[in-house]
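**Q** Output the structure for:
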Amino acid sequence: MVIIIKNMNKKILLSLRFVLIFATIMVLNYSHNGLNVLSPGYTLALIYLLSNLILFFIPEKTLNRNIASFSIFLFDILTISLAIYFSQGAQTDLYLVYFLVIFMASVGQNMNGSIPIAIVACLIYGWIIYRANPGISLLDSRILIRIPFLFMIALFSSYWSQSTRRELKKKEELERFNRELEKEVARVVAEEIELRQYSEKIINCVSSGVIAIRDDGVITTLNPEALRVFDLTTDAVGFNINQYEFLFPLWEKMQATVASQSTVARDEITLKIQSREVPIGFSLSPISGATGRFSGCVAIFKDLSEIRALEQQLKHAEQLGYIGKMASWVAHEIRNPLTAIDGFAQLLETTVDHDKIMKYSSEIHKGSQRISYIIEDILAFARTKRKIEYMEVDLKKIIESIAKSMPNIKINVSGILSPVCQGESESLRRIFINLISNSAEAIDENGQIWIDFKEAEGHIITEIRDNGSGISDEDLKKMFTPFFTRKQRGTGLGLSIVIKILKEHGGRIEIDSKKGLGTTCRVFIPTNATRETVNNKKEEM
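**A** Just a heads-up that it's a prediction; the model follows:
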């Protein structure tokens, strides 16, 4: 059935018409007059069969034209009507054969094709009934029920076929997107591996020395220059730095860097290596693990200019790794609703129950909305930095419009009367929709949200406070991490998008929350007085 709806090709059309021809012959054969040679019914059956054989030689491109297919279905209606007339079948249920023609018109064309066919069928069938019963009442079941039922079949089958066409098109687009996304994931992963190998080669080739040590003192990296300067071999990698007394001064500096979680841009010490003193200029950087915790330190000495280029390469490799993670996440999140859409689409093929059809169609629509929501968040999060078209924005008007869209939530607005700032209206609106929606989801039916506007130090401060469930200390640390969410159907990108927009506007956000005591968000957005400062900061970035 999916193939029929997607494209009623010539082979399917001819097959369905053979079914119609068979049904017509059976009507004539079991009629009161029977199917005798040279009788009108016999001639009609022969013409009907020959028409299908003629269609076999007509090019498929010609048959796919709307006027051609409409003419074929109209011919079918006329032929079946004549069969009913010749067989005196107006008193029986032989009119049901009309349903197959109307269904074929709905599938092969659309509502514009099926409704006219249904009208023709109703007119002819009504004439046949009147011909057989001149004094028949309009309230007779053969007119009052059967004729409207033909229109109902045309409407329902047209709606069903059009809906299924749309869903199949969406499914094809999603499958194509998923294939492209999988290719992109494979490409990004391959680039990440290549860049990691490239970075390792760079570390080994630079003229400056590089040494990396975990927070427990284990040496993890020594490049050739470091081995030469420290007079060590590659066997030193994996050993604890405490076994090399001459490296104690450097290790103390590195421990202090890890403890303070800050880098040392430039410093000098003298190491006593094999009875000789070696002064080195170095920079120190703590290394963070996958959890974000600082897990070690790297020292780069001698040539700081080349090292900066190296750090840039390493940062780029890390970003590509993050892109690979994001692409994998998107592929996983989209596959779930895509599977649901595929499943319900297959169920649609096997049922004719109207309630089930509406239910399955609704589920397919929900799946497509879920995918659209995910893609919208991903595009907003991945959007590159752009120049903001600054204009005056009244934040109070934005908040009031959002509050009107949430009539079931009690929102109290207070503070300065005209909290005007500089920015992009729609971007700022997205910030507050996100934050207010989070508060609305956190409160119960008796909960409230308080929004207060203040102005201080060249910023409009918007405080959003609720008495909802609050946020645990553990989740509070992770809440700005992309893809982190506790919501069942969340993307985990809402607050990341908020941070991104605020950075573009030179603003910031502060969040205070305790589990069970509610949450307070303070959004700082520059006013007119700080617009120039914002632009200068962006240019420096």
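**Q** Please make it C-alpha for all contacts and neighbour counts, starting now.
**A** OK.
**Q** quick one: the strands in the protein?
**A** Ranges of strands in the chain, per DSSP state E, are 209-214, 219-222, 264-273, 276-288, 294-301, 391-394, 410-415, 420-423, 448-456, 459-466, 508-514, 518-526.
**Q** mind checking which of those is nearest F151?
**A** strand 410-415 (48.6 Å; Cα to Cα).
**Q** Only C-alpha atoms, please: export the closest one in PDB.
**A** Presented in PDB, the C-alpha positions along strand 410-415 are these (Å, rounded to 0.1, in the frame of the first residue of the first chain):
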ATOM      1  CA  LYS A 410       1.100  33.100  37.900                       C
ATOM      2  CA  ILE A 411       3.800  35.500  37.000                       C
ATOM      3  CA  ASN A 412       4.400  38.700  39.000                       C
ATOM      4  CA  VAL A 413       6.400  41.500  37.400                       C
ATOM      5  CA  SER A 414       7.900  44.400  39.300                       C
ATOM      6  CA  GLY A 415      10.900  46.800  39.300                       C
END
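**Q** now the angle from that strand to strand 459-466?
**A** 150 degrees (axes from the mean of the first three to the mean of the last three Cα atoms, to 10 degrees).
**Q** between the strands of the chain, which one is nearest to S161?
**A** strand 410-415 (44.2 Å).
**Q** what mean pLDDT would you report for that closest one?
**A** For strand 410-415, mean pLDDT is 88.
**Q** what sits up against it?
**A** With Cα atoms under 8 Å, 6 or more residues apart in numbering as the contact definition, strand 410-415 has outside contacts at A403, G447, Q448, I449, W450, I451, D452, F453, K454.
**Q** Just want to check the distance between the residue lying closest to the first one once chain neighbours are set aside and S418.
**A** Right, A403. Leaving out its chain neighbours, the residue that sits closest to A403 by Cα to Cα, 6 or more residues apart in numbering is I411, at 6.6 Å. Per Cα to Cα, to the nearest Å, I411 is found 18 Å from S418.
**Q** Which one of the two is surrounded by more residues?
**A** I411 (22 against 15; other Cα atoms under 10 Å).
**Q** Name the residues linked to the more buried one by a beta bridge.
**A** I449 (DSSP bridges).
**Q** Check D267 too.
**A** Applying DSSP bridges to D267 yields these beta-bridge partners: F282.
**Q** wait, what's in contact with it?
**A** The neighbourhood of D267, defined by Cα under 8 Å, 6+ apart, consists of G281, F282, S283.
**Q** is it true that the last one touches A265?
**A** Yes. Contact between S283 and A265 holds when scored by Cα atoms under 8 Å: they sit 4.9 Å apart.
**Q** gap between the nearest residue to L250 once chain neighbours are set aside and E225?
**A** Excluding its sequence neighbours, the residue lying closest to L250 (Cα to Cα, 6+ apart) is I269, at 7.5 Å. Separation of I269 from E225 (Cα to Cα) stands at 17 Å.
**Q** ok so, going back, who's more crowded, S283 and A265?
**A** Ranked by neighbour count (other Cα under 10 Å), S283 and A265 place S283 first, with 20 against 11.
**Q** In contact with the more buried one, which residues?
**A** Per Cα under 8 Å, 6+ apart, neighbours of S283: T263, V264, A265, R266, D267, A299, I300, F301, L304.
**Q** Return the member of the residues you listed nearest to I211.
**A** Using Cα to Cα, these come closest to I211 at A299, 5.3 Å.
**Q** Packing partners of the longest helix seen in the chain?
**A** When the chain is parsed with DSSP state H, its longest helix is helix 146-205. Judged by 3 or more Cα pairs under 8 Å, 6 or more residues apart in numbering; DSSP states H and E, helix 146-205 is in contact with helix 2-6, helix 97-108, helix 111-132, helix 224-230, helix 304-349, helix 354-382.
**Q** Okay, buried residues for the fourth one please.
**A** Spelled out, it's helix 224-230. P224, E225, A226, L227, F230 (16 or more other Cα atoms under 10 Å).
**Q** Which neighbouring elements make contact with that helix?
**A** By 3+ Cα pairs under 8 Å, 6+ apart, helix 224-230 packs against helix 146-205, strand 209-214.
**Q** Next, the angle helix 111-132 makes with the longest helix of the chain.
**A** Angle of helix 146-205 versus helix 111-132, following the same axes, to 10 degrees, is 160 degrees.
**Q** pLDDT on helix 146-205, on average?
**A** Per-residue pLDDT over helix 146-205 has a mean of 80.
**Q** hang on, the earlier thing: which one of the contacts of S283 sits closest to L247?
**A** For those, the nearest to L247 is A299 (11.7 Å; Cα to Cα).
**Q** If you tally nearby residues, what's the number for the nearest residue to the closest one once chain neighbours are set aside?
**A** What sits nearest to A299 in space, not counting adjacent residues and going by Cα to Cα, 6+ apart, is L284, at 4.7 Å. If you count neighbours by other Cα under 10 Å, L284 ends up with 24.
**Q** Would you confirm that L284 contacts I300?
**A** Yes. At 6.6 Å, L284 and I300 qualify as touching, with contact defined as Cα under 8 Å.
**Q** picking that back up, ok, which of the helices and strands packed on helix 224-230 comes nearest K503?
**A** Taking the helices and strands packed on helix 224-230 one by one with Cα to Cα, helix 146-205 is closest: 26.9 Å.
**Q** Now do I402 against I431, distance only.
**A** Counting by Cα to Cα - I402 and I431 are separated by 11 Å.
**Q** now I119
**A** Counting by Cα to Cα, the gap from I119 to I431 is 54 Å.
**Q** if you count what's nearby, which of these two comes out ahead?
**A** Taking other Cα under 10 Å, I119 and I431 do not tie; I431 has more neighbours (19 against 16).
**Q** before we move on, back to that, reformat the contacts of D267 into CSV and put pLDDT next to each item.
**A** What follows is the contacts of D267, written out as CSV (pLDDT from 0 to 100):
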residue, pLDDT
G281, 80
F282, 85
S283, 85
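**Q** Which of those lies at the shortest distance from V37?
**A** Nearest member of the contacts of D267 to V37, counting by Cα to Cα, is S283, at 105.1 Å.
**Q** quick one on the thing from earlier: measure how the longest helix of the chain sits relative to helix 97-108, angle-wise.
**A** Using the same axes, to 10 degrees: helix 146-205 against helix 97-108 is 30 degrees.
**Q** Could you find the closest non-adjacent residue to I525?
**A** G507 (4.7 Å).
**Q** okay but that neighbour is in contact with P526, surely?
**A** Yes. Shown here, G507 and P526 form a contact pair, counting by Cα under 8 Å, at 6.3 Å.
**Q** Tell me which of these two has more neighbours.
**A** Neighbour count, other Cα under 10 Å: between G507 and P526, P526 has more, with 26 against 18.
**Q** how many neighbours does the nearest residue to the more buried one once chain neighbours are set aside have?
**A** Distances taken as Cα to Cα, 6+ apart place H459 nearest to P526, at 4.3 Å, with adjacent residues excluded. Here the number of neighbours of H459 (other Cα under 10 Å) works out to 21.
**Q** who touches F18 in this structure?
**A** L49, N52.
**Q** Look up how far I525 lies from it.
**A** 72 Å.
**Q** Ok, V258 next?
**A** 34 Å.
**Q** Looking at the two, which is more packed in?
**A** Neighbours per residue, other Cα under 10 Å: of V258 and I525, the larger number sits with I525, 26 against 22.
**Q** show me what contacts that one?
**A** Here I525 is in contact with C421, Q422, H459, I460, I461, L502, H505, G506, G507, R508 (criterion: Cα under 8 Å, 6+ apart).
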